[in-house]
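Engineer: based on what follows, work out the 3D shape:
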Amino acid sequence: MKKLELKFLNQDGKTITFSLEKPVEPVDPAAVKSAMEEIITQNAFTSSGGDLVSVKSARIVERNVTDVELV
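Structural biologist: Numbering: from 1, shown residues only. Next up, the predicted model:
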């Protein structure tokens, strides 16, 4: 399953990550950055280290799991 991870910096300078499942692909980097900036502007989320203050990065993460047949 793929996830879109949005990484922000908070007031303490720590990285805060939000994960969104099943992102629309291909990902539009400009739209992602714009949405992240709007999250900061609206002060939509906070963390134990304070408000989100800047955009750090975004990435698509894919996790593959393969069961091992035990004999």
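
Engineer: where does pLDDT dip in the chain?
Structural biologist: Regions of the chain meeting the criterion pLDDT under 70 are absent.

Engineer: how about the strands of it, start to end?
Structural biologist: Taking DSSP state E, the strands of the chain run over residues 2-10, 15-21, 46-47, 50-62.

Engineer: deepest of these, which one?
Structural biologist: strand 2-10 (a mean of 17; mean count of other Cβ atoms under 10 Å). In short, each C-beta sits where N, CA and C put it, glycine included.

Engineer: number of nearby residues for residue 22?
Structural biologist: 9 (other Cβ atoms under 10 Å).

Engineer: next, it: phi, psi?
Structural biologist: With angles defined as degrees, to the nearest 10, residue 22 sits at phi 50, psi 60.

Engineer: find the nearest non-adjacent residue to residue 19, please.
Structural biologist: residue 3 (4.7 Å; Cβ to Cβ, 6 or more residues apart in numbering).

Engineer: where's residue 53 relative to residue 62, distance?
Structural biologist: Residue 53 is 29 Å from residue 62, where distance means Cβ to Cβ, to the nearest Å.
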